[in-house]
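Undergrad: here you go, sequence then predicted model.
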Amino acid sequence: MTGFELLCGLVLIFLTFYYYLVCDYDFWKRRGISGPKPVPLFGNFMNSLLGKISIGDEMVKYYKQYKHLPMVGLYIRKQRVLGVIDPDIIKTILIKDFSKFADRGLKVNKVAEPLSQHLFSLETKRWRPLRTQLSPIFTSGKLKDMFSLILECSVNFEKYLDTLVAEGKPIDCRELTARFTTDVIGSCSFGIDANAMSQKESKFREIGRQIFYPGWKQILRMRLRESLPKLYTLIGYILPHDEMTKFFTEIVLDTIEYRKKNNIVRHDFINKLMELQAHSEKLGDIELTDTLLAAQAFVFFAAGFETSAATIANALYELALNQELQVKVREEIRERYALNNGEWPYEDINDMPLLDAVFKETLRKYPPITVIMRKAEENYTFEDLKLTIPKDTRIFIPSYAIQHDPEIYPDPEVFDINRFTADAVAKRHPMHYIPFGDGPRNCIGARFAHFQTKIGLIKVLLKYKVDTCKETRPYEIEPRSFLLAPKNTIILKMSKLTVLA
């Protein structure tokens, strides 16, 4: 073979590979849907795939560019993504025609990542019966049972906070609140003391950090899983299970075994898993493996501690910047505290309008999920647009971008609780505030998060003044985190208030 023939062969291979990468990049254009020009290998998400910015920030860019349109055509690598902007279409996808978009389109790999088989990511076939069986955990009656457990943990939270404040040093609020919510989830989910506030290096807290602040090995796994899923599945048979998988599988199975031997019944998440194990026929033909059970406990722990911890810390950050509002919220809390003689009845937690508005505005400015994802489960036609999308088309709803749109929320970077007066809410489209998603596949633990977050805020604001200090840094989003999180931790100063009104 001559050098020229070799060169021609290499050029042909290159052109074939290039065509493979870009051959579908005119899909949206051919259907009259506008969108930015994709980049081979990355599509329209190069910066987020390279870890330079978060996917939420990437969608903000496209939202601003195309928000005059009902939707925008995008690609993530080679996959087609429909970015949906129009609130009525969002409502159709999440609620009206939910059954056509029930799947989140996330990768589930039971071989390489057994814990990925959880309620948040599961395909519709397994998600639907599991959701039906697990939903009763979050009814009002069960939440009342868990509410007392949250209050028990909050007593330890007060003691832990007293110790930290007494040292007179600025406090890492992200770590502080994560330790509180880790103990809450340990109690409500597993029925055990996670020791996050009593031990400096609690195993639960260590695992929690690994989930949301992954090391290079986990990042490498994630990149391989997203870019080469078939290869990842293949090598999954030889990859050792990571520490998280071993930890959650062992703790779930050990706890179940202990309760069976000792006839212990507790109204918590593990007890519900035990019921499922005893009556697996309720799940139809789904195989209820040990790792499937462990995966449900894993997601309840991960989502339960992180989202609430972040919301408490973010709210404290905003209140530290707005002392006048902090004083008003504290007065409301103390008034209720005095009225109930120092007790906190279940019904009263959601009966404090200022605290509720702070909670909602925090989630408006800092929604845990910045992009709500769905996938078309069949060919689907948007009748008003005369657009038909094929099965498996991914849907991205830019919730963070929507909740930071100045035409919907004037001065969106300003923390303003007046956005949640009854009149203000009535004037907005309901799909313009979706921090927990909406429809049948919204966050199953949203009501639990309300109580956990508000109790955390109450315990801090009741007795402590929260201020910024020289270590407090401007809020920047961590680009590598799946959930919205600050790039730098939130450092604040707390001082004890000696007189209760």
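TA: The structure has been received and is ready for your questions.

Undergrad: spit out the contact partners of Asp351.
TA: By Cβ atoms under 8 Å, 6 or more residues apart in numbering, the contact set of Asp351 is Arg336. Where you see a C-beta, it was placed from the backbone N, CA and C, and this is true even at glycine.

Undergrad: could you redo the last one with a cut-off of 7 Å?
TA: Contact partners of Asp351, counting by Cβ atoms under 7 Å, 6 or more residues apart in numbering, are absent.

Undergrad: got it, and Thr177?
TA: Taking Cβ under 7 Å, 6+ apart as the criterion, Thr177 is in contact with 309, 312-313, 456.

Undergrad: that one is in what secondary structure piece?
TA: Assigned by DSSP states H and E, Thr177 belongs to helix 173-185.

Undergrad: tell me the spacing between Asp348 and Lys328.
TA: 18 Å (Cβ to Cβ, to the nearest Å).

Undergrad: over to the closest residue to Gln79 other than its chain neighbours: give its phi and psi.
TA: Distances taken as Cβ to Cβ, 6 or more residues apart in numbering place Arg394 nearest to Gln79, at 5.9 Å, with adjacent residues excluded. Note on Arg394: its backbone torsions stand at phi -80, psi 150 [degrees, to the nearest 10].

Undergrad: if we can go back for a sec, could I get the contacts of Thr177 in JSON lines, plus columns for neighbour count, pLDDT and secondary structure?
TA: Putting the contacts of Thr177 into JSON lines (neighbours: other Cβ atoms under 10 Å; pLDDT from 0 to 100; DSSP: H, G, I helix; E, B strand; the rest coil) gives the following:
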{"residue": "Ala309", "neighbour count": "28", "pLDDT": "92", "secondary structure": "helix"}
{"residue": "Ile312", "neighbour count": "27", "pLDDT": "97", "secondary structure": "helix"}
{"residue": "Ala313", "neighbour count": "25", "pLDDT": "96", "secondary structure": "helix"}
{"residue": "Gly456", "neighbour count": "26", "pLDDT": "96", "secondary structure": "helix"}
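
Undergrad: who are the contact partners of the closest residue to Tyr475 other than its chain neighbours?
TA: Spatial nearest neighbour of Tyr475, excluding adjacent residues (Cβ to Cβ, 6+ apart): Pro486 at 5.6 Å. Contact analysis of Pro486 by Cβ under 7 Å, 6+ apart lists 174, 475-476, 478.

Undergrad: now flag whichever of those residues is closest to Leu94.
TA: Glu478 (26.5 Å; Cβ to Cβ).

Undergrad: residues near the closest one, how many?
TA: By other Cβ atoms under 10 Å, the residues close to Glu478 number 16.

Undergrad: that one and Gln79, how far apart?
TA: Glu478 sits 24 Å away from Gln79, going by Cβ to Cβ.

Undergrad: show me what counts as buried in the helix or strand harbouring Ile251.
TA: Secondary structure from DSSP H and E places Ile251 in helix 243-262. Buried positions in helix 243-262, judged by neighbour count with 16 or more other Cβ atoms under 10 Å: 244-245, 247-249, 251-252, 255-256, 259.

Undergrad: re the thing from before, could you measure from the residue nearest to Tyr475 over to Asp103?
TA: When Cβ to Cβ is the yardstick, Pro486 and Asp103 sit 31 Å from each other.

Undergrad: also Lys454?
TA: Per Cβ to Cβ, Lys454 is found 32 Å from Asp103.

Undergrad: same check, this time on Thr498
TA: 55 Å.

Undergrad: of those two, who's got more company?
TA: The neighbour count for Thr498 versus Asp103, taken as other Cβ under 10 Å, is higher for Asp103 (21 against 6).

Undergrad: the more buried one touches Leu122, doesn't it?
TA: No - here Asp103 does not reach Leu122: they are 8.7 Å apart, not a contact under Cβ atoms under 7 Å.

Undergrad: which non-adjacent residue is nearest Arg259?
TA: Met274 (6.7 Å).

Undergrad: what's the burial count for the one you found?
TA: If you count neighbours by other Cβ under 10 Å, Met274 ends up with 20.

Undergrad: ranges for the strands of the stretch 351-500 of the chain?
TA: Counting by DSSP state E, counting those that start in this stretch, the stretch 351-500 of the chain has strands at residues 372-375, 380-382, 387-389, 394-397, 464-467, 491-496.

Undergrad: deepest-packed of these, please.
TA: Most buried of these, by mean neighbour count (mean count of other Cβ atoms under 10 Å): strand 394-397, with a mean of 24.

Undergrad: now it: mean pLDDT?
TA: Mean per-residue pLDDT for strand 394-397: 98.

Undergrad: so what touches it?
TA: So strand 394-397 is contacted by 59, 79-84, 90, 93, 101, 105, 371-376 (Cβ under 7 Å, 6+ apart).

Undergrad: now it, how far from the centre of its chain.
TA: 16 Å (Cα atoms, centre = their mean, to the nearest Å).

Undergrad: so that it lines up with my notes, have the first residue be 3 from now on.
TA: Understood, numbering begins at 3; the last thing we discussed is strand 396-399.

Undergrad: partners of that strand in the sheet?
TA: Strand pairing for strand 396-399, using DSSP bridges, gives strand 81-86 (parallel), strand 374-377 (antiparallel).

Undergrad: got a markdown table for the ones you listed, with mean pLDDT and distance to Arg336 too?
TA: Converted to a markdown table, the strands paired with strand 396-399 look like this (pLDDT from 0 to 100; distance: least, Cβ to Cβ, whole Å):
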| stretch | mean pLDDT | distance to Arg336 |
| --- | --- | --- |
| strand 81-86 | 96 | 44 |
| strand 374-377 | 97 | 37 |
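
Undergrad: quick one: closest of the ones you listed to Val157.
TA: Comparison of the strands paired with strand 396-399 against Val157 by Cβ to Cβ identifies strand 374-377 as nearest, at 36.2 Å.

Undergrad: which residues touch the closest one?
TA: 95, 103, 105-108, 394, 396-399, 401, 436, 439.

Undergrad: could you dump that strand to CSV, C-alpha only?
TA: What follows is strand 374-377 as a C-alpha-only set of coordinates in CSV (Å, rounded to 0.1, in the frame of the first residue of the first chain):
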residue,chain,number,x,y,z
ILE,A,374,-36.4,18.9,34.9
MET,A,375,-35.8,16.0,32.5
ARG,A,376,-38.3,13.8,30.7
LYS,A,377,-38.3,11.4,27.8
